[in-house]
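I would like to see how this sequence folds:
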Amino acid sequence: MNVLEAIILGIVQGLTEFLPVSSSGHLTIFQHIMGVNTEGNLFFNVMLHVGTLVAVCVFYHKLIIRLFKSFFSIVKDIFTGKFKWSQMDGDRNLLVMLVIGLLPLFLLFVPIPGAGGINPKDMAEVWQGNTGYLIITGFSLIATSVMLWVGIKAFENTGRRYAGRSGGSKVPGRRRLKVVDAVCVGVTQCLAAIFPGLSRSGSTLAMGELRGLNKQVALDYTFVLGIPSILAAALLEGKEAFETQGTQNTLEVSTGAMIAGMIAAMIVGFFAIKLFKWMLAKDRTGIFVAYTLIVGLAVVVVGTIELVQGTNLFSGEPITFG
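Residues are numbered from 1 along each chain as shown. This is a model prediction of the structure:
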């Protein structure tokens, strides 16, 4: 992989990590078309994750600092017997709900019954890393489109309910999360981690809207919830990279290319967050419904043709399973 290819994949990662179109799905598609496979060098995947992690941390740095302060404040109150669930302020509520929302991710490491010890995380890696499963990415993108559409309709219903109240000027949706909200969003994030093409930001935003949350609150929650998720992905891939490549002297991606890809993902990711928040405020997210549906249908068609022919339509190489 050369520097230009690394920058392209970094741009794709930065855009699709935060826009509701699925980063894993688009990386799978672009790798498929370009004939490159970053599974051969896990360090590159780690660098892309680090780039997007820096982007979201920079964008939400004030909120992150407040959450750290709330954490130490909660610990102090617990040890002094002053902690009361019903009296948590907004930052404490968000912090606790973040912890609850992350718990379903442990399901990714639970072996699937009757699958010979394979867990959902292993299955996701197989689907994303083998060209024969491109059709799964297509159907997952279509599912993203459906989720986004359902979320938009749910928010419209929430807006109508608030408009019927006295004053009619209150911002639609709840601004305080409940345990059920966190669990539902967490489970949705878990599903998005399994299926390449199912957008994490899009599906979790839609779930938050379905639960009656204010759409900006739901989006902030899903982005901040993504920080430990992205960090965990980087650490897991980093660990695997050291285990499989730490003793090897050959790298399929040069150091310069990895750095270029990381910087591209970081810069593009930061502006992608700003863009998504602006589009959400202006009720212009319907474009993502159409986009993911069109791309998903196209990928399903291509994937079906490749399954019939047994070759990659772009590179001419045999498709692989397993």
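
could you give the mean pLDDT of the helix or strand where residue 265 lies?
Here residue 265, judged by DSSP states H and E, is contained in helix 255-281. Helix 255-281 shows a mean pLDDT of 92.

for that helix, buried residues please.
Of the residues in helix 255-281, 257-258, 260-270, 272-273, 276-277, 279-280 count as buried by neighbour count, 16 or more other Cβ atoms under 10 Å. Every residue, glycine included, has its C-beta placed from N, CA and C.

spatially nearest residue to residue 55 (excluding sequence neighbours)?
Spatial nearest neighbour of residue 55, excluding adjacent residues (Cβ to Cβ, 6 or more residues apart in numbering): residue 269 at 3.3 Å.

can you tell me which residues contact that neighbour?
Residues near residue 269 by Cβ atoms under 8 Å, 6 or more residues apart in numbering: 13, 14, 15, 17, 18, 51, 52, 54, 55, 56.

hang on, isn't residue 304 packed against residue 134?
No - counting by Cβ atoms under 8 Å, residue 304 does not reach residue 134; the two are 9.3 Å apart.

do you know the pLDDT at the nearest residue to residue 181 once chain neighbours are set aside?
Excluding the flanking residues, the one nearest residue 181 by Cβ to Cβ, 6+ apart is residue 211, at 4.7 Å. In this model, residue 211 is scored at 92, pLDDT.

run a quick neighbour tally on residue 211.
Residue 211: 20 surrounding residues under other Cβ atoms under 10 Å.

kindly report the same for residue 195.
Residue 195 has 24 nearby residues by other Cβ under 10 Å.

one step back: farthest-separated two in the contacts of residue 269?
15 and 54 (15.3 Å; Cβ to Cβ).

among those two, which residue is more densely surrounded?
Using other Cβ under 10 Å, the more surrounded residue of residue 15 and residue 54 is residue 15, with 21 against 18.

tell me the spacing between the closest residue in space to the more buried one that isn't next to it in sequence and residue 135.
Distance criterion Cβ to Cβ, 6+ apart; nearest residue to residue 15, sequence neighbours excluded, is residue 272 at 5.1 Å. Distance, residue 272 to residue 135, using Cβ to Cβ, to the nearest Å: 27 Å.

now swap in residue 69 and tell me
47 Å.

more neighbours, these two?
residue 135 (19 against 13).

remind me which helix or strand the more buried one belongs to.
Per DSSP H and E, the secondary structure element for residue 135 is helix 134-163.

what helices and strands are in contact with that helix?
Where contact means 3 or more Cβ pairs under 8 Å, 6 or more residues apart in numbering; DSSP states H and E, helix 134-163 is packed against helix 23-34, helix 120-129, helix 200-210, helix 286-309.

next SSE after it?
helix 179-194.

by how many degrees do that following helix and helix 200-210 diverge?
Counting by axes from the mean of the first three to the mean of the last three Cα atoms, to 10 degrees, helix 179-194 lies at 150 degrees to helix 200-210.

which outside residues touch helix 179-194?
Residues contacting helix 179-194 (Cβ under 8 Å, 6+ apart): 22, 97-98, 100-105, 107-108, 120-121, 123-124, 198-200, 203-204, 206-208, 210-211, 213, 218, 221-222, 225-226, 229.

all set, thanks.
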